[in-house]
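> need coordinates for the following:
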Amino acid sequence: MFTPILDSGSSRPLYEQLYRYIRDEIEGGRLRAGERLPSKRALAAHLKISVVTVEGAYGQLLAEGYLRSEPKRGFFVQAVQEEHRPALSPLPPAEPPQAKPSLPYDFSTSGVDTGLFPFSTWAKLMREVLSARADSLLASSHPQGVPELRRAIAEHLYRFRGIRAAPEQIVVGAGSETLLAFLVQLLGREGGYGVEDPGYAKPHRILTSCGAVVRPIPLDGQGLRVDVVRERAVRVVHVTPSHHYPLGIIMPVARRQALLRWAAEQPGRYILEDDYDSEFRFSGRPIPALQSLDGGERVIYLNTFAKSLAPSLRISYMVLPPHLLEKWRRDFWFYSSTVPSFEQYALARFMEGGHFERHLNRSRTRYKVRREALLAAARDTGLTRAGTFAGGDAGLHLLLWMEPRWTEAELVERAATAGVGVIPLSACDLTSPAKDRPPALILGYTRIAAGDMAPALRRLKDAWGF
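Alright, predicted model coming up:
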């Protein structure tokens, strides 16, 4: 049953609107020859119009040869000459423009090792949720996320990140992108937003698309430069202090305190702390979150399960300071939760049962082996004579600073020709890079097995001629 949009306020009669709609559908090939149309009474009841209106449209289509009528059977589409059919506009390609052919060895940073995902445990917990919560799964959930998941997240943050946050302060959302867009509404677009340069490009794009004025802020060896934050006169800054992407800088406590002092100097200043891969630190004690040092309610903490579980899970969360929580509930309480309850309850059980902690330990061990295999293969192949790895003993990628024999574009192209995918540092530049900066490449190691590191790096060494 088709459903045209009919405008009773139009100067064109309803029967003519319906006639034109059906004619266009036939000429466009969407109603095919021999296809039976609804009866006049059925279509009139469906569209909430009179049978006379449908009769007028069908009568005109019969007169022009678009339909034929068969006694006691109804109305059928008549074959139309091909030249009467307008050419259909070509559809956009199924893949996004940036999609590239897969390579044998992919050092991209956009995925995780799907073989680590605990499918059997997750399936068992989902069955438990279906059995225990059949009545509530289809009902609207709490706007901030189901209470069980927020309690589990609060416990996890206290134990592993030193963050004391009540479950009521946590807002669950469908990805960090969604939460960042919400924060622009909560904090306002005025005053300018600072982002790290180089840095993860997506926050810059999201903030800009939300109407905020975004100003890139350069970094030094200790992270975001607070002196430039002051010069650029921004009101909100987005930072990755525990492990900067892509430089791998871990912001020392003195710089963190300087950033907090900047935020405390004037009302309305905030720090958006993106703690995207803090679970993956391979030696020493975990670095305390910036939020745990904040005594003035100026830090909004953001994290995601994209790196620790899977990007497709689309569950992220933020911790709002109490005064912003009040504003959120006053002005944005009408928003529904953007994450299905089913997944939220399953994740809550996954965390409450200790499965998440065990999964992190397994993943940390596996990724550490791959990181060490990557560095060992670089030494064995002699690649370290042409470049230097950096990035800190944390996170899921390393940065390879190269000798200026080739440009970054040439290095990436030669690597791709050899079947190895790498990312240029320039992909993270929001402004023109320093002229004296050597070429650098980002190598994520979540999608390449430890045993494949040596052959992958041998290909790179041969491709680059070192």
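> ranges for the helices of the stretch 1-150 of the chain?
Taking DSSP state H, counting those that start in this stretch as the test, the helices found in the stretch 1-150 of the chain are 14-27, 40-47, 51-64, 119-132, 147-161.
> quick check: angle from the shortest one to helix 14-27?
By that I understand helix 40-47. Between helix 40-47 and helix 14-27, the angle comes out at 100 degrees (axes from the mean of the first three to the mean of the last three CA atoms, to 10 degrees).
> picking up where we left off before, how about the helices of the stretch 1-150 of the chain in a markdown table, adding mean pLDDT, mean neighbour count and distance to residue 276?
C-beta: built from backbone N, CA, C; applies to glycine. Shown next, in a markdown table, are these (pLDDT from 0 to 100; neighbours: other CB atoms under 10 Å; distance: least, CB to CB, whole Å):
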| stretch | mean pLDDT | mean neighbour count | distance to residue 276 |
| --- | --- | --- | --- |
| helix 14-27 | 91 | 18 | 48 |
| helix 40-47 | 91 | 16 | 50 |
| helix 51-64 | 92 | 17 | 57 |
| helix 119-132 | 94 | 14 | 22 |
| helix 147-161 | 94 | 19 | 13 |
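> can you redo the ones you listed as JSON lines with distance to residue 353?
Output for the helices of the stretch 1-150 of the chain, formatted as JSON lines (distance: least, CB to CB, whole Å):
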{"stretch": "helix 14-27", "distance to residue 353": "54"}
{"stretch": "helix 40-47", "distance to residue 353": "50"}
{"stretch": "helix 51-64", "distance to residue 353": "60"}
{"stretch": "helix 119-132", "distance to residue 353": "8"}
{"stretch": "helix 147-161", "distance to residue 353": "10"}
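> to residue 436, which of those helices lies closest?
Evaluated with CB to CB, the helices of the stretch 1-150 of the chain place helix 147-161 nearest to residue 436, the distance being 37.2 Å.
> the very next helix or strand once past the closest one pairs with which strands?
Where DSSP states H and E defines the elements, the next helix or strand beyond helix 147-161 is strand 170-173. Strand pairing for strand 170-173, determined by DSSP bridges: strand 316-319 (antiparallel).
> any idea how far the helix ranked longest in the chain is from the chain center?
Longest helix of the chain, by residue count under DSSP state H: helix 355-381. Distance of helix 355-381 from its chain centroid, counting by CA atoms, centre = their mean, to the nearest Å, is 24 Å.
> name the helices or strands packed onto it?
Helices and strands touching helix 355-381, by 3 or more CB pairs under 8 Å, 6 or more residues apart in numbering; DSSP states H and E, are strand 387-390, strand 397-402, helix 453-464.
> buried set for that helix?
Under the neighbour-count criterion of 16 or more other CB atoms under 10 Å, helix 355-381 has 355-356, 359-360, 363, 366-368, 370-371, 373-375, 377-378, 381 buried.
> so residue 352 makes contact with residue 148?
Yes - here residue 352 reaches residue 148: they are 7.5 Å apart, a contact under CB atoms under 8 Å.
> for the stretch 201-350 of the chain, just list every one of the strands.
Shown for the stretch 201-350 of the chain, the strands assigned by DSSP state E, counting those that start in this stretch span residues 214-220, 223-224, 236-239, 270-274, 299-304, 316-319.
> out of these, which gets nearest to residue 71?
That would be strand 316-319 among the strands of the stretch 201-350 of the chain, by CB to CB, at 62.6 Å.
> flag every buried residue along that closest one.
By 16+ other CB under 10 Å, the buried positions in strand 316-319 come out as 316-319.
> in CSV, list these along with pLDDT.
CSV is the format used below for those (pLDDT from 0 to 100):
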residue, pLDDT
316, 95
317, 96
318, 97
319, 97
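> just name the closest of these to residue 396, please.
Nearest member of the buried residues of strand 316-319 to residue 396, counting by CB to CB, is residue 316, at 16.8 Å.
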